[in-house]
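Colleague: pasting the structure only:
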């Protein structure tokens, strides 16, 4: 189902993370009023009669209970809104807040965990521990919501082993899907200052493609769907990205790298893919088929075996 995005910059945020500048990343300078939200929904309703509405940006469950209920009850009035998702952070999740979300039919919660490494969380000034993040994720699943976890690659203090450990804990938490974001350095952020002082070096695009392709093998081999790789930064705002692995085609590059690793690992004699996925293969000979197969292996099985090699190499090698 297509999504109506409602962006609430910094709403409910009680902390400022070192990498964050929601205004320079999106261009949206103010929180929309209820009238603004109504106009957005009505505009979308001209092209379809069924959408999921997503509250993005900020920390939705960091809002007061009254404000949460005001937003949720308001958007529920529109017949075109068939379901709702919200984005938040681990330390703003508890049973009471989940009951409010359940009451208004929220079906998916996107949690910006960013990392399951305590050192990385501390250096990023996230304000919670990996144990608290894991507890929040499991509480969301226990209460019957679809769980989407956001991870960032290349945060201060992280490395390849750390990124893989974060991926494995995301799977263990029962995440249904995941978004993988490379760490970009936006002008004026604390991370920008730290980088200029020589205490942080961002990853480059090639490094991020390589790391993310390892993570895709782990996630999709273990049944966690990767729904996005990389940031969408509008063209007019890209001037604020002063460093880091920004590439508008990052997702495609990661998928191509992933397929290359699977082929190098398994050396299949025949590959069958639905036509829509031919773009993921640059040079290998592939055949169009109804299902994704590497010889007798399904797509998920092929990534599972390749993912096991990734884990063995970086954690046990």
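Modeller: It's in. This structure is a prediction, so every number in the text was calculated from the model and none was measured. Numbers count the residues shown, from 1 in each chain.
Colleague: Next, give phi and psi for residue 63.
Modeller: Residue 63 has phi and psi values of phi -70, psi 160 when expressed as degrees, to the nearest 10.
Colleague: Counting neighbours, what do you get for the residue nearest to it when sequence neighbours are not counted?
Modeller: In this structure, residue 63 finds its nearest non-sequential neighbour in residue 12, 4.2 Å apart by Cβ to Cβ, 6 or more residues apart in numbering. The C-beta positions use only the backbone N, C-alpha and C, and glycine is treated the same way. The number of residues packed near residue 12 is 22, by other Cβ atoms under 10 Å.
Colleague: Tell me how far residue 12 lies from residue 57.
Modeller: Shown here: residue 12 relative to residue 57, a distance of 9 Å by Cβ to Cβ, to the nearest Å.
Colleague: all helices for the stretch 201-317 of the chain, in order.
Modeller: Counting by DSSP state H, counting those that start in this stretch, the stretch 201-317 of the chain has helices at residues 205-221, 250-266, 299-311.
Colleague: Make TSV from the ones you listed and add mean neighbour count to it.
Modeller: Listed next are these as TSV, based on neighbours: other Cβ atoms under 10 Å:
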stretch	mean neighbour count
helix 205-221	22
helix 250-266	19
helix 299-311	20
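Colleague: Which of the ones you listed sits closest to residue 74?
Modeller: For residue 74, the closest of the helices of the stretch 201-317 of the chain is helix 250-266, at 33.2 Å, according to Cβ to Cβ.
Colleague: who touches the residue nearest to residue 160 when sequence neighbours are not counted in this structure?
Modeller: Excluding the flanking residues, the one nearest residue 160 by Cβ to Cβ, 6+ apart is residue 314, at 5.6 Å. With contacts defined as Cβ atoms under 8 Å, 6 or more residues apart in numbering, residue 314 is in contact with 160, 161, 164, 214.
Colleague: ok, which pair from those residues is furthest apart?
Modeller: Using Cβ to Cβ, the pair of the contacts of residue 314 lying farthest apart is 161 and 214, separated by 10.7 Å.
Colleague: Dead centre of this structure: give me the residue that sits there.
Modeller: residue 179 (1.9 Å; Cα atoms, centre = their mean).
Colleague: Sticking with that one, tell me its helix or strand.
Modeller: strand 177-182 (DSSP states H and E).
Colleague: Please name the strands paired to that strand in the sheet, noting orientation.
Modeller: Next to strand 177-182 in the sheet, as set by DSSP bridges, lie strand 146-153 (parallel), strand 225-229 (parallel).
Colleague: Lovely, talk soon.
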